[in-house]
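Student: compute the structure for the input listed below.
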Amino acid sequence: MSNDLLRRLVERAADPKRRYMTAAEDESRASLPVDEIEKKFRDFSPEAGDLFREMQARLRASGNDKPTMSFIQRPDGTVGASSDPPGAKPLEAPPSDGDWDELEEICGWAIPNDLRRLYSIADGGFGPGFTGLNPVARIGAFCEDYRRRGPDYCGTIHYPESFIPIANEMLDYHYDLETGRIISSDQDWENHGLEKEDVYDIAFQSLAAMMENWLQSS
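Tutor: Numbering: from 1, shown residues only. Have a look, this model is predicted:
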């Protein structure tokens with residue numbers, strides 16, 4: 001992880017609209033009263049309005065209803081709502097030595113310097129992935145889960161001991177602690193016509209290559 005690459009990553013991570021895959025959408029959300037959002041959903045389609053009303057009923061039953069939510073009308077015309085406040089998720093402070101120690105205890109491998117250096121920017125939340133790289137604690141939790149149930153959560157696919165999950169998009173991305181490569185896996189492999197041995201693929205030859213690719217993306 002060169003100083004120049006790290007500098008360019010810091011610059012892009014600082015841009016709330018380009019920090020992670022859905023950051024621009026998060027930035028465009030507006031805070032609106034729930035009844036106004038319900039009307040917008042119903043204007044989109046009666047079915048969408050019914051689904052939103054049902055979701056609100058469940059939230060009220062659990063004591064989690066809110067008077068306002070954030071609303072998004074996407075460029076493709078679809079609509080969405082979230083209990084998260086409008087705006088891209090802020091960057092969290094870099095992980096502590098204790099955070100890294102805990103991850104090493106979970107995975108049983110030393111965490112390489114390039115990953116530690118990348119996370120000196122923040123504890124995930126930027127880069128590849130719907131919401132950016134996974135925070136260190138989430139990497140550990142996902143690692144334990146994948147080792148129990150496999151990357152497709154069905155127990156049919158072995159999760160290699162050297163893998164740790166670092167990002168989630170349409171494919172999931174794993175850092176191979178043994179080779180330094182970034183490996184992709186397809187949770188929906190059966191529906192995509194793959195055999196078990198084809199679930200994993202080499203996505204990038206290194207962490208640096210993955211991050212360079214992210215910098216070139218829109």
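Student: so Gly125 sits against Arg138, correct?
Tutor: No - using CB atoms under 8 Å, Gly125 is not in contact with Arg138, being 10.3 Å away. For the C-beta atoms, the positions are set from N, CA and C on the backbone; glycine is no exception.
Student: tell me which of those two has more neighbours.
Tutor: Taking neighbours as other CB atoms under 10 Å, Gly125 and Arg138 compare with Gly125 leading, 21 against 15.
Student: all strands for this structure, in order.
Tutor: In the chain, the segments counted as strands under DSSP state E are 30-33, 68-73, 79-82, 163-168, 172-176, 182-185, 200-204.
Student: mind checking how far the helix ranked longest in the chain is from the chain centre?
Tutor: Ranked by residue count and defined by DSSP state H, the top helix of the chain is helix 46-61. Relative to the mean C-alpha coordinate of its chain, helix 46-61 is positioned 26 Å out (CA atoms, centre = their mean, to the nearest Å).
Student: can you check stretch 139-154 too?
Tutor: With CA atoms, centre = their mean as the basis, stretch 139-154 stands 15 Å off its chain's centre.
Student: give me the contact list for that stretch.
Tutor: 102-103, 106-107, 134, 155-159, 161, 163-166, 172, 174, 185-189, 199 (CB atoms under 8 Å, 6 or more residues apart in numbering).
Student: great, nothing more from me.
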